[in-house]
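Undergrad: what follows is a predicted structure for the sequence shown.
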Amino acid sequence: MRLKEHSDIIFDVIPKLYESHSKVFITHLHNVEKQLERLPKKFCKMYTNRSLASQLLCYLTSRNASISESDFHIVEDAKPFQLRLSDGKRLEVMLCAGNELKNSLMLLIRRIQGGPLLYYYSAVQQDDLWRLMGNDTYNAWIAQGTEILYLNLQHANQTEVLHYDYDEIAESIIKFAEERERKVLIKLPLFGYEYVIRSLAYTQLYGHIHLMGCFGDAYRHLTNDMQRFNNPNFAETVQVCSLADSIGTEDLVEFPVTQLKWTPVPTRVNLKQLCSLLRPKHIHGIVAYHALGNAPPAPSYLQALRSTFSPNALRRKMEMHHGSANAKSDIRHAKRRRIDYVDDASDSN
């Protein structure tokens, strides 16, 4: 996603075409494998923290990509820095981690002279948002207000309200294994699900989880605290690997990922937490990589948390959106032809 007002700045999309002035902010790696099915010949400068840079560099090196550490600008957690744009303007930027593993970041941008945040961007689940409440710099930045809050609204209208109880999830895994009298195999995407595995290691599964293959290698880039995994003093109950890993499954039974009841995509609860904390003037949906069309407006329960909320204005906006959608549907039916949206497989927008 590229900011219209500052086209140098790109969020979580690695362009296929190199542009020397582009500044790509990497806040997470969920689904990055799909995004990079075709590798760029040269990478734009990427701004992220040490953990995500190490994971991404290792992954791309394994695919023989033309990349090095010099393609990354390493940013410290909650440490503001200045960003000079191609038009000579400067902005102040800060990346803040939303969990203990620091693989889920939020991006804050404001003017050099301070004042309200111009943009606050959060694309994935922020499980430990409370950890930032004790950070004086973060509190000072958000205290002056937020103009635009960008959120991943993919699950915004999900009716089920998920409440993560990792002890309950651990019990269900153990029961699953006992009933089948076999060890459990959990196959996950290479990136994005590290936090739920870490959380399970703090339950009665402590020492019983074995991180395998590429998933284990990628996890080690996030933390040196591996004592809760692969512990020889505990019987192995669970093996975790990536979807691409080849693991012998003769004595294993696969545990459905859906029963983990966790996803990197923000839940309704997480979205409401951020909106309640920031009370932004505007809430915009993030246009995901390869998304079709424009992002829909934020649902009413989030719009009600805006500092400029007006029930009548919201009602008119929602009616206009639904009316426009219906009109487009009618046109497509009448012409009986398929309309293709241009995706960003060869662009960075």
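TA: It's in.

Undergrad: identify the residue nearest the geometric centre of this protein.
TA: The C-alpha lying nearest the average C-alpha coordinate of the chain belongs to residue 124 (Cα atoms, centre = their mean; 3.0 Å).

Undergrad: quick check: residue 1 touching residue 11?
TA: Yes: between residue 1 and residue 11 there is a contact at 4.5 Å, judged by Cβ atoms under 8 Å. Backbone N, C-alpha and C define where each C-beta goes, glycine included.

Undergrad: mutual contacts of those two, please.
TA: 150, 286 (Cβ atoms under 8 Å, 6 or more residues apart in numbering).

Undergrad: all helices for this structure, in order.
TA: For the chain, the helices defined by DSSP state H occupy 32-35, 50-62, 136-142, 166-180, 194-200, 213-219, 268-278, 300-303, 311-335.

Undergrad: gap between the two ends of stretch 257-270?
TA: Terminal residues of stretch 257-270 lie 20 Å apart, using Cα to Cα, to the nearest Å.

Undergrad: now stretch 137-150: average pLDDT?
TA: Mean pLDDT, stretch 137-150: 95.

Undergrad: just the endpoints, please. Distance across it?
TA: 21 Å.

Undergrad: then stretch 247-255?
TA: So stretch 247-255: terminal residues 14 Å apart, Cα to Cα.

Undergrad: pLDDT weak spots in the stretch 51-200 of the chain?
TA: The stretch 51-200 of the chain contains residues with pLDDT under 70 at 160-163.

Undergrad: which one is residue 180 nearest to, not counting chain neighbours?
TA: Residue nearest to residue 180 in three dimensions, not counting chain neighbours: residue 253, with 4.8 Å by Cβ to Cβ, 6 or more residues apart in numbering.

Undergrad: what's the answer for residue 40, then?
TA: Leaving out its chain neighbours, the residue that sits closest to residue 40 by Cβ to Cβ, 6+ apart is residue 16, at 5.1 Å.

Undergrad: next one: residue 237
TA: Using Cβ to Cβ, 6+ apart, the closest residue to residue 237 is residue 208 (3.9 Å).

Undergrad: tally of neighbours for that neighbour?
TA: 24 (other Cβ atoms under 10 Å).

Undergrad: same question for residue 211.
TA: Residues lying near residue 211 (other Cβ under 10 Å) number 21.

Undergrad: gap between residue 103 and residue 65?
TA: 20 Å (Cβ to Cβ, to the nearest Å).

Undergrad: whoops, I mixed them up, residue 274
TA: Counting by Cβ to Cβ, the separation of residue 274 from residue 65 is 33 Å.

Undergrad: what does residue 126 give?
TA: Counting by Cβ to Cβ - residue 126 and residue 65 are separated by 29 Å.

Undergrad: so for these two, which sits in the more crowded spot?
TA: Ranked by neighbour count (other Cβ under 10 Å), residue 126 and residue 65 place residue 126 first, with 22 against 18.

Undergrad: would you confirm that the more buried one contacts residue 106?
TA: Yes: shown here, residue 126 and residue 106 form a contact pair, counting by Cβ under 8 Å, at 6.6 Å.

Undergrad: now the strands for the chain?
TA: 9-11, 23-25, 45-48, 72-74, 81-84, 90-97, 105-111, 114-122, 146-151, 183-188, 209-211, 238-242, 252-254, 282-285 (DSSP state E).
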